[in-house]
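K.L.:
what follows is a protein structure lacking sequence information:
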């Protein structure tokens, strides 16, 4: 067992070199989550998948990432952060390489899940290392440095994926990720020192299995529910029962065993719980538009993939603005205020998205992306600082694992929920609008396109039905953005419950 590291073990230069490597590691893990977003329409065509089915390419990765993140505390304690990072890097690189040669939907979903499983532990282990090697007075700038990799990478993912897909194919995008994985492995082996580990620490297999079953069954229920008519289906009913029973077993076991998989004492820290809620909700507010916007552009405006990728890049610009705002304010205002500022930027961004119509211009997507980028960078730093400001040192590993696990499970669940809402809203809107298409509707012939939509011919009816579908889908997207806007406002009062950090509990 190696000795516990402390800030005094490293010089300032060494600390920032280690932080840079870990920021790259976390960024690469996050890049793997969003690289598929801009190329979903191309993957959907190549794999002959429906819209709900192709969304599994994203949600499978998110769910596997969330489950793996929950194990990050044990993995890092048992193996040590350096060895654990190397193992995760190897598995991640192999998964990316296999995605580069996958040619079936089931195969892609399997390797995407493996990719998420190995990428998941990297961010929480990285933030734990950074918090341990930096003195507490430098945690704000240090977490912002981690944000540079963690939050900027998701904005780069769609651009890189779209560019490589346009020139080559979506397979090449994943192959390029494998090359980046090799570079990451070399950097970890060269720059990350051996850190404290507990070789005799046993794994609470029962806790891990029950948590994994609960999360996996919950995601399965959300993904398949709409397709199977929810609780009218024995499959969905059984899955929901499994979720409840597995959750009960996990909680009962964790409260009674001596070495639980997740130390539930982390939830006794009010600041940590509130920060976790904000961090998880922010994941939904930031990632759901990242999934919806490419499909909106591809389905309704038929934009080429490279343009779609470029339109998602302004989030990175907004992220840089967020860094400037954070650095300018961090010495003068509290983390509580910064969190409020970060969450507040979601409101105008989502309101702006909810006002789009069929003639929306490219610049409007740019403005919304910049605002979401600002919100993401400031919220991450504020929530991280608040969440760990009062958490006991020996609970940091568990806290960081659940911090990221909660975010990614909520994000995955949010994507499934909003894709379902989009599908059901589209069907409902189509039925409602179709009621006005009738020979007895005297206003219909007055429309400029009345000849084009001639209801007396099959071709005219087909064109009219296509336009009704387009309008129904657009209304469905707007409904999703409105619900996200309401959610962003509803959580804001929780900021008032955050306590000023006191002396740290040991």
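P.N.:
The structure has been received and is ready for your questions. Keep in mind that this is a model prediction, so the values were computed, not measured.
K.L.:
ok, and the closest non-adjacent residue to residue 211?
P.N.:
Using CB to CB, 6 or more residues apart in numbering and skipping residues adjacent in sequence, the residue nearest residue 211 is residue 250, 5.1 Å away. From N, CA and C alone the C-beta is placed, and that goes for glycine too.
K.L.:
so where is the stretch 401-506 of the chain shaky, pLDDT-wise?
P.N.:
Filtered on pLDDT under 70, the stretch 401-506 of the chain yields the residue ranges 438-457, 460, 501-506.
K.L.:
no, scratch that, I was asking about the stretch 251-400 of the chain
P.N.:
Using pLDDT under 70, the stretch 251-400 of the chain drops low at 298-306, 308-309, 312, 361.
K.L.:
for the stretch 1-150 of the chain, same thing?
P.N.:
For the stretch 1-150 of the chain (pLDDT under 70), the answer is 1-10, 37-38, 50-52, 139-140, 144, 147-150.
K.L.:
returning to that earlier point: host element of the residue nearest to residue 211?
P.N.:
helix 234-256 (DSSP states H and E).
K.L.:
for whichever helix or strand comes after that helix, buried residues please.
P.N.:
Sequence-wise, the next helix or strand downstream of helix 234-256 (DSSP H and E) is helix 270-300. Within helix 270-300, the residues that qualify as buried by neighbour count (16 or more other CB atoms under 10 Å) are 271-300.
K.L.:
ditto for stretch 322-340
P.N.:
322, 323, 325, 326, 330, 334, 335, 336, 338, 339, 340.
K.L.:
of all the residues you listed, which two lie farthest apart?
P.N.:
323 and 336 (19.1 Å; CB to CB).
K.L.:
so what's residue 60 up against?
P.N.:
Applying CB atoms under 8 Å, 6 or more residues apart in numbering, we find residue 60 in contact with 109, 112, 113, 116.
K.L.:
please name every helix or strand in contact with the longest helix along the chain.
P.N.:
Across the chain, the longest stretch assigned as helix under DSSP state H is helix 396-434. The contact analysis (3 or more CB pairs under 8 Å, 6 or more residues apart in numbering; DSSP states H and E) places helix 396-434 against helix 51-54, helix 56-70, helix 72-79, helix 122-133, helix 205-225, helix 270-300, helix 362-389, helix 458-490.
K.L.:
that one: which residues count as buried?
P.N.:
For helix 396-434, burial by neighbour count (16+ other CB under 10 Å) applies to 396-423, 425-426, 429-430.
K.L.:
do the same with stretch 245-263
P.N.:
246, 247, 249, 250, 251, 253, 254, 260, 261, 262, 263.
K.L.:
just list the residues touching the fourth one, thanks.
P.N.:
Neighbouring residues of residue 250 by CB under 8 Å, 6+ apart: 207, 210, 211, 214.
K.L.:
what number of residues lie near the third one?
P.N.:
Think residue 211. 25 (other CB atoms under 10 Å).
K.L.:
surely it and residue 66 touch.
P.N.:
No: look at residue 211 against residue 66 with CB atoms under 8 Å: they stay out of range, at 9.7 Å.
K.L.:
how far away is residue 384 from residue 405?
P.N.:
From residue 384 across to residue 405, the span is 15 Å (CB to CB, to the nearest Å).
K.L.:
distance to residue 12 added to the helices and strands packed on helix 396-434, as TSV?
P.N.:
What follows is the helices and strands packed on helix 396-434, written out as TSV (distance: least, CB to CB, whole Å):
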stretch	distance to residue 12
helix 51-54	47
helix 56-70	30
helix 72-79	24
helix 122-133	11
helix 205-225	38
helix 270-300	27
helix 362-389	20
helix 458-490	38
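K.L.:
of the ones you listed, which is nearest residue 20?
P.N.:
Closest of those to residue 20 is helix 122-133, at 10.5 Å (criterion: CB to CB).
K.L.:
how far does the closest one sit from the chain's center?
P.N.:
Distance of helix 122-133 from the chain centroid (CA atoms, centre = their mean, to the nearest Å) equals 19 Å.
K.L.:
who are the packing partners of that helix?
P.N.:
So helix 122-133, by 3+ CB pairs under 8 Å, 6+ apart, packs with helix 12-34, helix 72-79, helix 81-99, helix 139-150, helix 396-434.
K.L.:
and these as JSON lines, adding distance to residue 477?
P.N.:
JSON lines is the format used below for the helices and strands packed on helix 122-133 (distance: least, CB to CB, whole Å):
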{"stretch": "helix 12-34", "distance to residue 477": "19"}
{"stretch": "helix 72-79", "distance to residue 477": "35"}
{"stretch": "helix 81-99", "distance to residue 477": "28"}
{"stretch": "helix 139-150", "distance to residue 477": "28"}
{"stretch": "helix 396-434", "distance to residue 477": "7"}
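K.L.:
would you turn the buried residues of stretch 322-340 into JSON lines with distance to residue 73 and secondary structure?
P.N.:
Formatted as JSON lines, these follow (distance: CB to CB, whole Å; DSSP: H, G, I helix; E, B strand; the rest coil):
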{"residue": "322", "distance to residue 73": "28", "secondary structure": "helix"}
{"residue": "323", "distance to residue 73": "29", "secondary structure": "helix"}
{"residue": "325", "distance to residue 73": "32", "secondary structure": "helix"}
{"residue": "326", "distance to residue 73": "27", "secondary structure": "helix"}
{"residue": "330", "distance to residue 73": "28", "secondary structure": "coil"}
{"residue": "334", "distance to residue 73": "28", "secondary structure": "coil"}
{"residue": "335", "distance to residue 73": "23", "secondary structure": "helix"}
{"residue": "336", "distance to residue 73": "26", "secondary structure": "helix"}
{"residue": "338", "distance to residue 73": "26", "secondary structure": "helix"}
{"residue": "339", "distance to residue 73": "24", "secondary structure": "helix"}
{"residue": "340", "distance to residue 73": "29", "secondary structure": "helix"}
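K.L.:
out of those, which is nearest to residue 189?
P.N.:
Nearest member of the buried residues of stretch 322-340 to residue 189, counting by CB to CB, is residue 323, at 29.3 Å.
K.L.:
what helices and strands are in contact with the one helix or strand residue 42 maps to?
P.N.:
In the assignment (DSSP H and E), residue 42 maps to helix 40-46. Helix 40-46 makes packing contacts with helix 51-54, helix 56-70, helix 170-191, helix 270-300, helix 305-312 when contacts are defined by 3+ CB pairs under 8 Å, 6+ apart.
K.L.:
got the buried residues for that helix?
P.N.:
40, 41, 42, 43, 44.
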